[in-house]
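**Student:** here you go, sequence then predicted model.
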Amino acid sequence: MRSGRRITQKEVAERAGVAQATVSLVLNGGRDKIAPETAERIEAAIAELGYQPNRFAQALRTQRTHVIACIVPDLTNPFYPSLVVAVQKVARASGYEVITIDTEGKAANEKQVLMSAQQGRFDGIVGVFFNLDARDLQPLGEAGMPVVRVEVSRKSGGPQPIDDLFIDNVAAARVLTQHLIELGHRRIAMVAAPGGPQRVRLQGYLEAMATVGAEPMVFSAMNFTLEGGRQAASQLLGIGDLPSAVVAANDLMAIGVMQRLVSEGLSIPDDISVAGFDDILASALVTPALTTVAQFQDRIGARAAEVLIERLARGTIGPGRAEEMPFELVVRASIAPFGG
């Protein structure tokens, strides 16, 4: 604004020495479609003049809100903020704002998101859904709203513009459990909670245990939290003959397991090895540092936003695509060879 008057795109174009349509292209996420030096001149003119886009007028003209919804099941879980921040960075670089919605992993809250989307409150969705599947999202695809799901199991795409980024969690849990087996462990317990990645991580654990004929030991936590891990560890302590290792379905539960075991005078990993899943920041900070599986949530968030914005740029045409994202076993001090 200058002297209370709103600066126009035309004035920005005149200052930068370009057509008004070129300014509009940059403002609407098309920076990569023009020469870098031209984009830099436009951005300099915007800064010098103090130009602010009139998003309300843009929405009326284009039927776009330039808002993306990022849906997560639990913002208090340290796994998700990194993903959300990565979505925001990519989205803002392309002229989109991001609203973050915490569904608490509840089906009713996820359905409320769909209602908001159908009311045109945002242009697309990056989402981690614990309860909704592709059939539930089909009305959005039919309406031309792109959705990118962050999934916990292998996907293959479908006819609607619903794209999937996935980690092969079955393989990841199998690799983690197999590593403990290679260290000599056979009495390996699994701690898991209902919903989310529980089914596929449990499957990977069971597959690894079956390769050596080891008897599974599965303990249910009330949720994917520290308290859930402590509660499951209390169950474990009640069986008498303790396992030599514990695999938890996420890092928060693993840390909760460690806290409860240590409170009973057990040493980790001397008495019992513990491993988790997700490689949240705290996993490297606890003592002993937690062995885990890294999923690179920042890469997932950035790629999800890129895929969504590509859809928005070309009008959401084409069937859904599936893209596998990497995982990596991160071995730290919380595990040791059996009897070592």
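**Tutor:** Thanks, I have the structure now.

**Student:** when you work out contacts or count neighbours from here on, use the C-alpha atoms and nothing else.
**Tutor:** Will do.

**Student:** any idea how far Pro197 is from Met190?
**Tutor:** Using Cα to Cα, to the nearest Å, one obtains 13 Å as the distance from Pro197 to Met190.

**Student:** could you do Val274 as well?
**Tutor:** Distance, Val274 to Met190, using Cα to Cα: 10 Å.

**Student:** what touches both of those two?
**Tutor:** 246-248 (Cα atoms under 8 Å, 6 or more residues apart in numbering).

**Student:** now those in TSV, with pLDDT, distance to Ala21 and secondary structure?
**Tutor:** Formatted as TSV, these follow (pLDDT from 0 to 100; distance: Cα to Cα, whole Å; DSSP: H, G, I helix; E, B strand; the rest coil):
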residue	pLDDT	distance to Ala21	secondary structure
Val246	98	60	strand
Val247	98	57	strand
Ala248	98	54	strand
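
**Student:** out of the residues you listed, who has the most neighbours?
**Tutor:** Comparing these by number of neighbours (other Cα atoms under 10 Å), Ala248 comes first, having 31 neighbours.

**Student:** and that residue, bridged to which residues?
**Tutor:** Taking DSSP bridges as the rule, Ala248 bridges to Val191.

**Student:** ok, it - contacts?
**Tutor:** Ala248 neighbours (Cα under 8 Å, 6+ apart): 190-192, 229, 254, 274-277.

**Student:** over to Leu236?
**Tutor:** 219, 242.

**Student:** same question, Ser116
**Tutor:** Contacts for Ser116 (Cα under 8 Å, 6+ apart) come out as Phe122.

**Student:** restrict the helix or strand where it lies to CA atoms and write it as CSV.
**Tutor:** Element membership for Ser116 (DSSP states H and E) is helix 107-118. Presented in CSV, the C-alpha positions along helix 107-118 are these (Å, rounded to 0.1, in the frame of the first residue of the first chain):
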residue,chain,number,x,y,z
ALA,A,107,-13.5,-40.6,11.6
ALA,A,108,-16.0,-37.9,12.3
ASN,A,109,-13.3,-35.2,12.1
GLU,A,110,-12.0,-36.6,8.9
LYS,A,111,-15.5,-36.5,7.4
GLN,A,112,-15.9,-32.9,8.5
VAL,A,113,-12.8,-32.1,6.4
LEU,A,114,-14.5,-33.6,3.4
MET,A,115,-17.5,-31.4,4.0
SER,A,116,-15.3,-28.3,4.2
ALA,A,117,-13.6,-29.3,1.0
GLN,A,118,-16.9,-29.8,-0.8
